[in-house]
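A.B. asks: Provided below for reference: sequence and predicted model.
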Amino acid sequence: MSLLCAPARWLRRSAMLVVALLAMAAHASPHPENLRLRQIGVAEGLPSNRVNALLQDPSGYLWIGTSDGLARFDGTGMQVLRMEDGLPTNFIWSLAWRADGTLWIGTRHHGLVVHDPVRGDMRRIDRRTLPGLGGNDIWALDTHEPDAVWIGTADAGLHRLRNDGSIERWMPEPGNPRSLPHPGVLRLDRDAQGRLWVATVGGLARWTGDGFERVAGPRPQGMRFDRDGVLWVGTSEGAHLLAPDGTLQPVPVAAADPRLRPIQLLVQDARGAHWVDVAAGLGHVDHGESHEVPLYSPLAQDRVRPQWTMGLEDREGGIWLASYSHGLWYHPDGWSLFSARTLRPGQPGGIHNSHVRGIAAAGSGRIWLVGSGGALESLDAGSGALHTHLHDVTGGPLLDSVYEDQHGQVWIGWRRGLARYTPASGELQRWTDADALAGESASVMRFAENEQGLWLLFDNGVIQLRDRDGRTLQRHQPGRGGLEAGENVYDLAIGPDGAPWLATARALRHLRGTHWRQVDGTAAGTWTALRSYPQAGRVLAAGPGHVAVFEWRDGRLHPQAGLGTGQGLPQVSFSGVVSDASGVVWLSSSRGLWRVDPAAGTVRAYGIADGLPSQDFPTPLFPDPRSGRLFAGSPDGLVDFDPLQVVPLADEPRLLVEEIGLRGRDPIQRMSGAPFAIRHDDRELQVRVRLMSFRNPGAHRYAFRLDGEDADWVESATGERAFSQLAPGRYTLSVRARNEEGVWSQPQALQFEVTPPWWRTLAAQLLFAALALAAVWWLASSYRRRLRRRHAWQLAEHKREVAEQASLAKTHFLATLGHEVRTPMTGVLGMSELLLGTALDARQQRYAESIRDAGEHLLRLVNDALDLARIEAGKLKLDARPFDLHALLDETLALMAPVAHQRGLEFRERIAVDLPAWVSGDVVRVRQILLNLLANAIKFTEHGHVELSAEPAADGQVRFVVGDSGPGLNREQRERLFRRFEQAEGARTAARYGGSGLGLAICQELAAEMGGRIDVDSAPGQGTRFAVELPLPVVDPPSTAASTDQAPRAPGTLFLLLVEDDPTVAEVISGLLQAQGHRVMHVAHGLAALVSLATAEVDAALLDLDLPGIDGLALAQQMRAQGFGRPLIAITARADADAEPLAMQAGFDGFLRKPLTGGILADALAKWVQPPAPVDDAQGEPPAGDRD
């Protein structure tokens, strides 16, 4: 059988344990409580005070399995997991941590739960999901093997679950000594060789690989290996050790106190000390010294005896003890450095003064103590033994100070009282404020002694000097002898010069003669604590926020070192200051004890979290000259410690990124500082970090710095930082932490990215850049197009202006040409008409008719050109009035049919039956279009026919069609057909058929002006068809009476005034009028006309508008102004459209354009002149010389 360790080594270790445990009874008396434990229970956030399992994971968290949930503790708070968080039950039996980062949880009645703290998920393993599992009550777990987990159940034996999902099971087998002793597995543990040991309800066994090697002995209740490899087994008969022979041997204990009998080992700490479950509660065995550790519960306000389940030492050396009844107990590693003596109710032989207010050295090597109990006690610093000399010094009031003088007499001070005690005789003498205290109704705070006698400092600032018999020799008070009025005095000491020194609110002072002067070399200020080392020539002084070390030399103080608030000293009144053997300065205050290292420039505070019973130390520290230990009194007991052992830890603290997430959402990541990303619209990024230390988490400080946002480190006491909203970009968040020793961790850099919105991504930016470039290109193109359009518009405007100027010039030219042509044409046509009215032979008749035809053709050309000019100028006026459409067609047929017959062509007509009779329109322009189209068809048709048809069309229009059987037109000819001054075949057409090329252009322009259109349908050899659609609304025919009234009546003989400057035109018009039987009086200018009207009365006047001197318009106005009421008819050769409106405005009744014919004149007279009343011929003759 393989043993745990060599027999000799086992015997040596066992002997040491036996000696220590036997000594435990001898140390059962009260002792310094340097092994105080802090209770952590439900009040501190623990789910339940019944703790069944305990472990620390690699990150440093403490996992606590209780009967009401699983807790994770980081030193500041508990994170509790229960059924609502995914657990199948709240009752946790066992816990184990696997190397893959998962926590295995054994539950009651619900099997196993595998929890991944990083992902936060939970996976269940029970009899339903794993049929090979014998039971769901999991009491024990072992995860040391990388490929398997050992599972101990309450009643279903031992199992091994492999990573591939296969499971093995071991149960007791009757008659097989190598089988499992019992199906109930209490505990699993490993020895130094990694072998598995199984504690069952029925016995202890070791797994050999193919079976179990049983160990004889009592039934175990638990087991544990210590650091020396010794197996402790807890049984109902007490603790046993596994002997080299493979048997369990009981741990011997003194029979004098069965309460100290060890039951089981809870834990062995790194120093080798054993924390043992004993019948009385808790025992501590350390290198042969053994103590009972009293446990006090704040809730019970008394000592308690927990029922222990297990113990654990964390990575900092802290001890954690779990119990079934009183929760969790914690002893930080540093707490053992401080010992405290506290008055506990019912504790015999304890300290009487629970609040020690005065401490002094005794000549016997002991330490004098006085305080709140009113007793005078002495303490042996080496053994810790206390002796009470006087139980009640004052008869009631508490004692404030104590001092033993050079003669061995003990002086005791209290409010309004002073006593002197002689230890050798036991004599006690008292003074009160009514006698020898000289009326001081105050309390003695400090004692000091020099060759002059005993100096006393009262809390009202009075200083007295007394002799050894208590007589007052000197008295000093503020306001006298160099002490300022109201100057508070805090401390008294004998300085290196042998004189009394004071620490006051104004300065450090010493007595020179009878006057208190400020010590040279010191600055004015508040000093509350003073300590002098005369032999070494050193002086320590402290005040709010500062401490100084001085050297006394040459009658003055020389500063050697000093620290202040910049190094962490608080603004507090220090009650005492001392220096230890290493030169470190210790301060007492209402905020704990302070360690100041002048050489290193560091400051460290110690308080309740560091093992002190209280934060308040109102009395000075006392250095024991023999042991070097420091003593300090507090309201909660007397503290003593070895200052050389209280050294700040220099280890760099371990910082952990606990969680990164967004408020109200699942964490982004846990236990990881890996890079991460959030969206641009995410809010409240939260980062939580922890300094994994349980010693004093309240003193931890954290600092964050976000590059690009924080100018400096942002400190936090909670380890949490929230960012409301960050702009898109890449960030680096640096985090560091400081522990209670003031040591900062190395900064950790958390890199993360706030992803931009899609419109700020690289792809979007490239797209936007492309779009911007496209927009710029488009804008540039648009700008170029706009420039081109502007240039085109400017060019068009220029062309239009040029065209308008050309049109104006053309119009002016045509008007001038028309005027110049019409005037001689009047002579040509008029003379030919007069000539044809005479007796001519056939040849003369033919000549005269040729002259007339040529003149009429020339007149048509001029009229066509003038019409185009009016159309271009927009001054063509249409005269829309009702007319008889059928009459117009008959008239047109009557005019054109003979012409067609003369050319040997057949003239066809096709008038629709439903063609309206009366329509509204400009009959002159309609006739002009029809005549031009028919003339054109007849001209270009050599044989065949010419046809005119008319029919109603849609929307109140009339459709006229002029067709012929001529040669037809090709596409190019059709495109040129309606161009001005162009013909189908250009010069060939003009040479063959004649013409100007204006007829069709005028027809199209006139049709467009009337709102209609002309279409042509033609092909070579198939003739040509012109279709004209004109809007000619149907109207009712005018009444017969109206028609009769409107018909011109032929006037009788009229006496007419003709004003014309051209003699030829005047002769023609006069001749034409006289041929009609009228009398004509001709004058050449306007002045002659006015003179003639003054002597003759005429029936009408015909005035030329372009007269020399006064023109026709002005003459008409003059005549109307002189009362001429007869008709005025304007005659002119002007071709412009404004001539007629101007004439009407000047007072004319009629308007005629040259050339004039007899018919035109007759129609004009019939229209505008009423026939005169009959008169004698003599009265109507013009004056002599004026008759034409």
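C.D. replies: Now that the structure is in, tell me what you want to look at.
A.B. asks: any idea how many residues pack against G543?
C.D. replies: By other C-beta atoms under 10 Å, the residues close to G543 number 25. For the C-beta atoms, the positions are set from N, CA and C on the backbone; glycine is no exception.
A.B. asks: the residue nearest to W93 when sequence neighbours are not counted - how many residues pack around it?
C.D. replies: Closest residue to W93 apart from its sequence neighbours, by C-beta to C-beta, 6 or more residues apart in numbering: G106 at 4.5 Å. Counted with other C-beta under 10 Å, the neighbours of G106 add up to 27.
A.B. asks: partners of G106 in the sheet?
C.D. replies: S94, L112 (DSSP bridges).
A.B. asks: all helices for the stretch 801-950 of the chain, in order.
C.D. replies: For the stretch 801-950 of the chain, the helices defined by DSSP state H, counting those that start in this stretch cover 842-873, 885-902, 923-940.
A.B. asks: nearest to R626, out of the ones you listed?
C.D. replies: Closest approach to R626 among those is made by helix 842-873 (135.9 Å; C-beta to C-beta).
A.B. asks: give me the most central residue, the protein.
C.D. replies: By C-alpha atoms, centre = their mean, the chain has its centre lying nearest to Q725, at 4.4 Å.
A.B. asks: can you read off the pLDDT for that one?
C.D. replies: Residue-level confidence at Q725 comes out at 85, pLDDT.
A.B. asks: list the contacts for the nearest residue to it once chain neighbours are set aside?
C.D. replies: Closest residue to Q725 apart from its sequence neighbours, by C-beta to C-beta, 6+ apart: R683 at 5.8 Å. By C-beta atoms under 8 Å, 6 or more residues apart in numbering, the residues touching R683 are L662, R663, S724, Q725.
A.B. asks: I938 too?
C.D. replies: M896, V899, A900, R903, L905, V946, D964.
A.B. asks: what's the distance between it and L893?
C.D. replies: 13 Å (C-beta to C-beta, to the nearest Å).
A.B. asks: also V689?
C.D. replies: 113 Å.
A.B. asks: kindly report the same for E377.
C.D. replies: For E377 relative to L893 (C-beta to C-beta), the value is 159 Å.
A.B. asks: out of these two, which sits in the busier spot?
C.D. replies: More neighbours surround E377 than the other of E377 and L893, with 23 against 17 (other C-beta under 10 Å).
A.B. asks: immediately after the helix or strand containing that one, which helix or strand?
C.D. replies: Here E377 sits within strand 376-379, counting by DSSP states H and E. Next helix or strand after strand 376-379 toward the C-terminus (DSSP H and E): strand 386-390.
A.B. asks: name the surrounding residues that touch that following strand.
C.D. replies: With C-beta under 8 Å, 6+ apart, strand 386-390 has contacts from 341, 349-352, 366, 375-380, 421, 423, 428.
A.B. asks: assign A71 to helix, strand or coil.
C.D. replies: strand (DSSP: H, G, I helix; E, B strand; the rest coil).
A.B. asks: same question for L779.
C.D. replies: Going by three-state DSSP: L779 is helix.
A.B. asks: contacting residues for it?
C.D. replies: Applying C-beta under 8 Å, 6+ apart, no residues qualify as near L779.
A.B. asks: what of A362?
C.D. replies: Contacts of A362 by C-beta under 8 Å, 6+ apart are W368, S378, E404, V410.
A.B. asks: so which of those are in strands?
C.D. replies: Among those, DSSP state E puts W368, S378, E404, V410 in strands.
A.B. asks: looking at pLDDT only, which of those residues scores worst?
C.D. replies: With pLDDT as the yardstick, S378 is the minimum among the ones in strands among the contacts of A362, at 93.
A.B. asks: report pLDDT for the closest residue to that one other than its chain neighbours.
C.D. replies: In this structure, S378 finds its nearest non-sequential neighbour in R366, 4.2 Å apart by C-beta to C-beta, 6+ apart. We have a pLDDT of 93 for R366.
A.B. asks: follow-up on the earlier one: quick check, nearest of the contacts of strand 386-390 to V577?
C.D. replies: Set against V577, the nearest of the contacts of strand 386-390 by C-beta to C-beta is L379 (22.1 Å).
A.B. asks: which residues touch that closest one?
C.D. replies: Contacts of L379 (C-beta under 8 Å, 6+ apart): R366, I367, L369, A385, L386, H387, L638.
A.B. asks: mind splitting the chain into its structural domains?
C.D. replies: Split into domains by the TED database, the chain comes to 32-235+308-340, 356-435, 655-756, 762-845, 877-1031, 1055-1168.
A.B. asks: quick check: closest non-adjacent residue to T432.
C.D. replies: In space, and not counting its chain neighbours, T432 is closest to G417: 5.4 Å by C-beta to C-beta, 6+ apart.
A.B. asks: what is that neighbour paired to in the beta sheet?
C.D. replies: Under DSSP bridges, the beta-bridge partners of G417 are W414, T432.
A.B. asks: residue contacts, it?
C.D. replies: T394, P397, R430, W431, T432, D433, L437.
A.B. asks: at 10 Å what do you get?
C.D. replies: Counting by C-beta atoms under 10 Å, 6 or more residues apart in numbering, G417 makes contact with 393-395, 397, 399-400, 430-433, 437, 440, 443-444.
A.B. asks: coming back round to it: common neighbours of I938 and L893, please.
C.D. replies: Here I938 and L893 share the contacting residues A900, F907, scored by C-beta under 10 Å, 6+ apart.
A.B. asks: just checking, which helix or strand of the chain averages the lowest pLDDT?
C.D. replies: Lowest mean confidence among the helices and strands of the chain (mean pLDDT, DSSP states H and E): helix 1177-1180, at a mean of 41.
A.B. asks: the closest residue to P756 other than its chain neighbours: how many residues sit nearby?
C.D. replies: The shortest distance from P756 to any non-neighbouring residue, by C-beta to C-beta, 6+ apart, is to P728 (3.6 Å). P728 has 14 neighbours, counted by other C-beta under 10 Å.
A.B. asks: the strands in the stretch 51-200 of the chain, which residues?
C.D. replies: 51-56, 62-66, 69-73, 78-81, 92-97, 103-107, 112-116, 121-125, 138-142, 148-153, 158-162, 167-170, 185-190, 196-200 (DSSP state E, counting those that start in this stretch).
A.B. asks: and the angle for the first one with strand 138-142?
C.D. replies: Here strand 51-56 points in a direction 20 degrees away from that of strand 138-142 (axes from the mean of the first three to the mean of the last three C-alpha atoms, to 10 degrees).
A.B. asks: quick one, what contacts the residue nearest to W93?
C.D. replies: Counted by C-beta under 10 Å, 6+ apart, G106 has contacts 52-53, 65, 91-96, 112-113, 136-141, 151-154.
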